[in-house]
Each structure stands twice: as C-alpha cells, then as structure tokens.
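Undergrad: Sharing a sequence plus its predicted fold:
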Amino acid sequence: MRWALVKVSLAVTTMVVLAFAVPLGLVIREMARDRAFSNAERQAAAVAPALSITTDRDQLERVVASAGSDDGMAVHIPASGKSTAVDLGRRRAAAGDIATVRRLGRASTTDVPGGSTLLQPVALSTGEIAVVEVYVPDAEVTNGLATAWAVLAGVGVALIVGSVAVADRLGVRMVRPAQRLVEGAHELGEGKLGARVPEEGPNELRLAAVAFNAMADQVVQLLANERELAADLSHRLRTPLTVLRLNAASLGDGPAADQTRAAVAQLEGEVDTIIRTAREAKPQTVAAGPGAGCDAAEVVRERMAFWSALAEDEGRKVRVAGVDRPVRIPVARADLGAALDALLGNVFRHTPEGTAFAVDVHNGEDAVIVLVSDAGPGIADPEAAMARGHGSGSAGSTGLGLDIVRRLAESTGGDVRIGSSVLGGTEVRLWIQLDGRAPVRRGHRGAVRRRRPGRLVSTFNRSRSLP
C-alpha cells in the first residue's frame, strides 16, 4: 500500500509538471525570440531619422557606426534621379526579399545562414523606399534559454521529489497502523490473548484498532466465562459422585466391585482435573517436542485391560493386535487414553450386548493408525456423527467423544475417518502423524480421505476378523 501510494503520487506529479513545464518552456523560447527581434527593431529605428534627412554615404556610415551594429546592420538605398544606389554594410538577405519589402512597404523577417534578418522599410525625402537590414544571430535568439529551461527542470524535479517524499510519509502513516493491526490479528489467532493494537493513525484505522481491541477484550472475557462455567458444571458433579463412591464402597469384594470403585475414582480424578484446568488463567497446552509423547501400544494394553473385563461381563468377543512392540507417538498419555475410552465407550454404549469389537494398532514410517471396529449396526451418517453436539442421532449421543478423538488427531496433523468395518459394523480410523507437520485445516468437521503410504494402507486389510 505504501509503495502503491508513492507510485500514484509520482505519476500524478510527473504529469502535472509536464503539463505546465512543456508549455512554459515554449513560452520562454518565444519570449527570447521576441526580445531579440525587438532589439533589432530598435536598432533599425535609430537609423530611420537619418535616412529621412540625408542619403549621403559618409553621414549614413557614421550613423550606422554610432548604433554599434555596423557588422550586423546594412542599409539599402535605391537609385533616384542623378543619385546612384547605395548599399552600406554586409548584405545577408536576398535581393528578391529586399525588393519585396520595398514594394510592400512593411517590415519582414527572413532566414539567413547563422540566424535571421529583420528588413525594415524607411521612406526617404525623395519618395523612394530604403531598407534597413538588421542581422539577428541564432545565439542571440537562444540567449538565456538554456538557463531558463534548467531552472524550470530543477523546479519540476524538486516538485516530484517533494511529492514522493510527502506520499512516502503519508504511506508510512497509513501502512504502519495497518501492519500493527495485521500483527495483532495474527498474535490473537495464535492464542496470545494479550495482543492489543495501538489506537493511532488515520481515523478509519484508528476505529479499526478500537474495534479490534474491544473484540480481543470480549474474547478474553468469553473464555474466562466459559472456564468458570465449565468449572461450575464440573463442581456440581461432585455431589452425585460422592454418593456413587459411597455406594460403591458398600458393594463388598469381587472383580465387579473393584472395577466399579476404580471407575468412580477415575471419574473423580477427571472431574478434579477439569476444575483445575478451567480455573487456570490459560488453557493447558503441551508442546510435543523431542522425547514427548507416549507408547501407544502400552496405553492400548492398559485401557483394554479395563474394557475387556466389561466385555467379558457382556459376552463380547474382543481382539487386540499390533501392541506387541512399542509404538511411540507425539501424543500425551492421558490424551490418548481419553480418546480410546471415548471410542470404546461408544462401542459399549451404542451396540447391543454380545457385539464383538477389535482394536488394531498399525505402525508406519510417518504415521500410526489406531483402528477401532465393531460388529454393531453401524452409523448411518458418519459426517453428522463427527459434528460436535450432534452425534450419531441415537439416545445419549452428542458427538463430544468423537470430537475429542478428532482434535487429538488433528493436533499431530492427522485425521479421523468413519467407515464400515470388516466385522459388519462401524470402523473408526484414528490417524496420528509422526513427522511433526502442521495440523490439518478443514472447512468442516467431517472425515477427509488423504493419500497414505501404500505399505501402511495395505495393513488395513490384513486379518482383522475375530477368531
């Protein structure tokens, strides 16, 4: 924008300077010519009184000499009666031009080598017409013209440079606030909630800065309100959790009782974590750097140990594959565990008892895929199931679990896809990227098919049926 303004100013000023300078230069040239011929007319007029009194050659030579133009002036007197024709000085004009001026009786100019001549007719006492010739060299016509043009060009250049400098300063005054507004928007988009823009510059940009700062304050306030609301809602769960924990304590001994008490303790821990996170000034974010992450195989084995006991109670067949070797991924252990619990919880919640399911872990060179499939009725609308707050449409389904899984995958640059499994039901494919690329940006929350390395894709079709 700054350079565009400078270019426009340069173009406009140049056109204005040319529009005035060219005609003014022509006027100056005509003025110099008129000045030179005016001087020639004065010289011719100085000789005219002497010609009207006498035609004596000696007297006329003294008059011409007194005019100081003996080399540039000539007098042509025609013959009359007993007197012969008299020519004083150097004649430069052609005889025909002199005869024409004598016949017409009015002054004229004609071009000669090296300049021009002024031919001025003068009436003699004898009634004849004499012609005074005054030579005007080209140097006299252009005298001072180069200096005038140089001054005019200097003024034009000064105007152009001055306008460019003013436009540049004006552009800086306009562009700098705009750049600060852009930088502030980028910082706010990156999560720097303290980003603000100085309210200065032109009126429009100043109003934009005021609106931006008000928007940033509103965002901070909305986030604070949301955290407080999440903390308050989570705190309300403590009372029914306390009752549930007391009831679980009275169940006695046994695997089912132990699992129930462990689930209640885990639920209480999750609620406490939500409350602490919501009360903090900023959301908790963990950067995946060197050494960060977890062993996906270990997390899958741990969570399957919990869900397998429930599967046994409901008569579900379970298969786990790909967890015999460590599989490092750039995801926090707790986040992967929450994602697996969300996927497996959906299996238990939305499929009938006795429905089989499987968990497969596929380890590739640049990605890890966790595949959760079941033999249930499937999902009629996968796109809607991925929408937060919508879910699959069945009772108790809100889509929050799949939204947690999706955000986990996209934080690594991966994605989530829902399809049909070889077991006949739903297949949820969690793709976790290993090469640290930027998260995938989408215009919707649905699954997006991406090109995968052939070696890893081929593993999807390997023995995935239950024994």
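TA: Okay, I see it. Numbers count the residues shown, from 1 in each chain.

Undergrad: C-alpha from now on. contacts and neighbour counts both.
TA: Will do.

Undergrad: Next, the nearest residue to V323 once chain neighbours are set aside: phi, psi?
TA: The spatial neighbour of V323 that comes closest, neighbours along the chain excluded (Cα to Cα, 6 or more residues apart in numbering), is A297 at 4.4 Å. Main-chain dihedrals, A297, degrees, to the nearest 10: phi -60, psi -40.

Undergrad: same check, this time on the one 4 residues further on
TA: Comment: the main-chain dihedrals of R301 come out as phi -60, psi -40, following degrees, to the nearest 10.

Undergrad: burial of the residue nearest to V323, as a residue count?
TA: If you count neighbours by other Cα atoms under 10 Å, A297 ends up with 22.

Undergrad: where along this structure do the strands fall?
TA: 73-77, 86-88, 108-112, 115-123, 129-137, 294-295, 318-321, 328-329, 357-363, 367-374, 415-420, 426-433 (DSSP state E).

Undergrad: Tell me which of these is the most buried.
TA: strand 129-137 (a mean of 26; mean count of other Cα atoms under 10 Å).

Undergrad: ok and that one relative to strand 115-123, angle-wise?
TA: 160 degrees (axes from the mean of the first three to the mean of the last three Cα atoms, to 10 degrees).

Undergrad: Output the contacting helices and strands for strand 129-137.
TA: Secondary structure elements in contact with strand 129-137, counted by 3 or more Cα pairs under 8 Å, 6 or more residues apart in numbering; DSSP states H and E, are helix 2-53, strand 73-77, helix 95-104, strand 115-123.

Undergrad: T426: which of the ones you listed is closest?
TA: helix 2-53 (57.1 Å; Cα to Cα).

Undergrad: now the closest one: how far from the chain's centre is it?
TA: Put simply, helix 2-53 sits 48 Å off its chain's centre (Cα atoms, centre = their mean, to the nearest Å).

Undergrad: can you check stretch 364-375 too?
TA: 40 Å.

Undergrad: Check stretch 215-232 too.
TA: 31 Å.

Undergrad: For V151, give me its contacts.
TA: For V151, the contact set (Cα atoms under 8 Å, 6 or more residues apart in numbering) is empty.

Undergrad: State the distance from it to I28.
TA: Going from V151 to I28 by Cα to Cα, to the nearest Å gives 12 Å.

Undergrad: Give me the pLDDT value at N225.
TA: The model reports N225 with a pLDDT of 77.

Undergrad: How much space separates it from A185?
TA: 22 Å.

Undergrad: neighbour count winner among the two?
TA: Higher neighbour count among N225 and A185: A185, with 18 against 13, using other Cα under 10 Å.

Undergrad: Contact partners for the more buried one?
TA: Contacts for A185 (Cα under 8 Å, 6+ apart) come out as A195.

Undergrad: show me the contacts for the residue nearest to V323.
TA: 322-327, 361.

Undergrad: A409 too?
TA: 415-416, 430-433.

Undergrad: Of the residues you listed, which is the nearest to G72?
TA: Q433 (98.8 Å).

Undergrad: The closest one is in contact with G414, isn't it?
TA: Yes. Under the criterion of Cα atoms under 8 Å, Q433 makes contact with G414 at 5.1 Å.

Undergrad: what bits of the stretch 51-200 of the chain have low per-residue confidence?
TA: Along the stretch 51-200 of the chain, segments meeting pLDDT under 70 span 52, 54-55, 65-71, 81-83, 171-172.

Undergrad: ok, back up a step: any chance of the helices and strands packed on strand 129-137 in JSON lines, with distance to V271 too?
TA: Below are these laid out as JSON lines (distance: least, Cα to Cα, whole Å):
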{"stretch": "helix 2-53", "distance to V271": "54"}
{"stretch": "strand 73-77", "distance to V271": "117"}
{"stretch": "helix 95-104", "distance to V271": "118"}
{"stretch": "strand 115-123", "distance to V271": "107"}
